[in-house]
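# Quick check, what structure comes out for this input:
(one chain, ligands or ions: 1)
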Amino acid sequence: MTAQPQLERRTFADKPTLAKELAEAVADRIRTAIAERGVAAIAVSGGSTPARFFQALGKTKDIDWTKVIVTLVDERWVDETSDRSNALLVNEKMLQGPAAVARFFPLYSGGDEPGVTEVAKTNALLADLPEQFAAVVLGMGGDGHTASFFPGGDTLTEALTSAGPAIAIHAPGAGEPRITFTLPRLLHTDGLYLHIEGEEKAVVLDAALGDGPVEDLPIRAVLRSGTPVTVYWCP
Ligand SMILES: O=C1O[C@H](COP(=O)(O)O)[C@@H](O)[C@H](O)[C@H]1O
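Sure thing, here's the model as predicted:
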């Protein structure tokens, strides 16, 4: 059954303000999870949008970063020397200063292809994550993909429905082979955020809120999941 979107849209004047506010919201989730469960795991997106948010969050001092685990919602199957690596972005922009002592769980586990052995290796590491994320911060591409749930993805249905935690996916618009957390695994979170910037992405989000198949705009799977999502947007 398709659930009604439970969306809160927060609009900010500019990118620095959005980054600061989103960092404060995620920092609150981290502090609460540590207080309640002794540990906080967050999953964040890569791509071109989150750098400012990462810098703002990583500078936050009133968090016990030794109790924080950071992972990615998805990864391009490249090692950390590649400027396409989402892990590189997190390490360079977030895991500096106060946040340098946080633990990082990478999704890339070596080689050119996320085959059965490689994905099993990643999933063995991810088994050590707490069951519940404190926060999951999604992004969205202009084609309506989120995490690595791409239109035309060869394992898209499984990615949107299986327990995971992570699976390989290949898609025409993805560039490299990918690995992604599955949607059911990402929805085990205290807070779910969608961080998008620019008019073009606002138009895609509005289209995704309309009728149509999930396969055309996979972000619809998130919007129709029944899980509350807070959208952080600025022009
Ligand atoms: O490839 C990816 O793209 C999306 C969107 O990235 P952006 O550059 O348009 O901000 C991102 O959310 C995802 O994590 C990443 O792997």
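
# what's across from residue 166 in the sheet?
residue 181 (DSSP bridges).

# Tell me how far it lies from residue 158.
Distance of residue 166 to residue 158, computed by CB to CB, to the nearest Å: 11 Å. For every residue, glycine as well, the C-beta is placed using N, CA and C.

# Next, see if stretch 106-125 gets close to the ligand.
No: residues of stretch 106-125 are not located near the ligand by CB under 6 Å from any ligand atom, the shortest gap being 10.0 Å.

# Can you name the next helix or strand after the helix ranked longest in the chain?
Longest helix in the chain by number of residues (criterion: DSSP state H): helix 15-37. Going down the chain from helix 15-37, the next helix or strand is strand 40-44, by DSSP states H and E.

# hmm, back to that, residue 166 and residue 158 - which one has more neighbours?
Using other CB atoms under 10 Å as the criterion, residue 166 and residue 158 rank with residue 166 on top: 28 against 14.

# which residues touch the more buried one?
Residue 166 makes contacts with 107, 119, 122, 123, 126, 179, 180, 181, 182, 185, as judged by CB atoms under 8 Å, 6 or more residues apart in numbering.

# one more time with 6 Å, if that's ok
Residue 166 is in contact with 122, 123, 126, 179, 181, counting by CB atoms under 6 Å, 6 or more residues apart in numbering.

# In helices only, show me those.
Counting by DSSP H, the part of those found in helices is 122, 123, 126.

# so which of the residues you listed is the most crowded?
residue 122 (23 neighbours).

# Next one: it from residue 140, what distance?
Plainly put, residue 122 is 23 Å away from residue 140 if you go by CB to CB.

# can you tell me if stretch 205-219 touches the ligand.
No: figure legend: stretch 205-219 not in contact with the ligand (CB under 6 Å from any ligand atom); closest approach 9.9 Å.

# need the longest strand for this protein.
Counting residues, the longest strand found in the chain (DSSP state E) is strand 189-197.

# for the ligand, what are the nearby residues on the protein?
Proximity of the chain to the ligand, by CB under 6 Å from any ligand atom, involves residues 45, 46, 47, 48, 49, 73, 74, 86, 139, 140, 141, 148.

# Narrow those to those that are buried.
Buried members of these, scored by 16 or more other CB atoms under 10 Å, are 45, 46, 47, 49, 73, 74, 86, 139, 140, 141, 148.

# Filter those down to just the ones in helices.
residue 86.

# Quick one: the buried ones among the residues of the chain next to the ligand as TSV, columns for pLDDT too.
As requested, those are arranged in TSV below (pLDDT from 0 to 100):
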residue	pLDDT
45	98
46	98
47	96
49	98
73	98
74	98
86	98
139	98
140	98
141	98
148	98
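
# The buried ones among the residues of the chain next to the ligand in strands, which ones?
Those of those mapping onto strands are residue 74, per DSSP E.

# Any chance of the buried ones among the residues of the chain next to the ligand in JSON lines with distance to residue 232 as columns?
JSON lines is the format used below for those (distance: CB to CB, whole Å):
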{"residue": "45", "distance to residue 232": "12"}
{"residue": "46", "distance to residue 232": "16"}
{"residue": "47", "distance to residue 232": "15"}
{"residue": "49", "distance to residue 232": "10"}
{"residue": "73", "distance to residue 232": "15"}
{"residue": "74", "distance to residue 232": "18"}
{"residue": "86", "distance to residue 232": "19"}
{"residue": "139", "distance to residue 232": "10"}
{"residue": "140", "distance to residue 232": "11"}
{"residue": "141", "distance to residue 232": "16"}
{"residue": "148", "distance to residue 232": "21"}
